[in-house]
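> Sequence and predicted structure are below.
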Amino acid sequence: MMTKLFGGEISYAITSKSEKLAAPTDAGAITPLNPGNFASIRTAAIIEAPRYYSKEEADERKKLAKEKVEGARYTKKYLKATSQIEEADGAVHKAYRKHQKVVASVELTKKQADVGLAKHLLGLAPGYAKLGVGLEKAENRATERIEAIKAKLLGGSKE
């Protein structure tokens, strides 16, 4: 049924369109078929066993921790802003698709109106044909009368 509605294409062409529609908007977009990378971040190695650390090691780790906490704060801001951009992009995409639905629906309405007018005009064609035939008959009758009058006035001779 869908093939008849959309131009009689064979079913694999429709499947191809479905696959195209379901394709992600970007190769890196996360989808069920492309779940993304499950990598994690690990700055410090896992401590496998207890041990004592030196003052230098502790100071170095404290400095690294401070850098990572600050980096995490900036990363959270960056990712939040990036998420807001994604949400804005999604809102624009959704609004644009809604607009396209309106355009498609209105286009159908316009084409239906065009077809309705064409049908109406075709329905009038027999009436116009009758008018033409009626005018031809009237013109023939008028010509015959004129000829009859001329014949009477001129005494039967035709010039």
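Yes, it's here.

> show me where the chain has helices.
2-5, 11-22, 55-153 (DSSP state H).

> pLDDT of the second one, averaged?
Going back to what we said before, that points to helix 11-22. Across helix 11-22, the average pLDDT comes to 75.

> From V106, how far off is the residue most central in space within the chain?
The residue lying closest to the centre of the chain (C-alpha atoms, centre = their mean) is Q100, at 4.5 Å. For Q100, the distance to V106 (C-beta to C-beta, to the nearest Å) stands at 11 Å. Backbone N, C-alpha and C define where each C-beta goes, glycine included.

> count of neighbours near K150?
By other C-beta atoms under 10 Å, 13 other residues sit near K150.

> Could you do R97 as well?
R97 has 9 nearby residues by other C-beta under 10 Å.

> before we move on, what about E56?
Using other C-beta under 10 Å: E56 sits among 8 other residues.

> Flag the shaky bits of this structure, pLDDT-wise.
For the chain, the stretches with pLDDT under 70 are 1-14, 156-159.

> Restrict stretch 26-34 to CA atoms and write it as PDB.
C-alpha atoms of stretch 26-34 as PDB (Å, rounded to 0.1, in the frame of the first residue of the first chain):
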ATOM      1  CA  ASP A  26      26.500  12.600  12.800                       C
ATOM      2  CA  ALA A  27      28.800   9.600  12.600                       C
ATOM      3  CA  GLY A  28      29.700  10.200  16.300                       C
ATOM      4  CA  ALA A  29      26.200  10.600  17.600                       C
ATOM      5  CA  ILE A  30      25.300   8.200  20.300                       C
ATOM      6  CA  THR A  31      22.600   5.700  19.300                       C
ATOM      7  CA  PRO A  32      21.700   2.100  20.200                       C
ATOM      8  CA  LEU A  33      23.800   0.900  17.300                       C
ATOM      9  CA  ASN A  34      26.600   3.300  18.100                       C
END
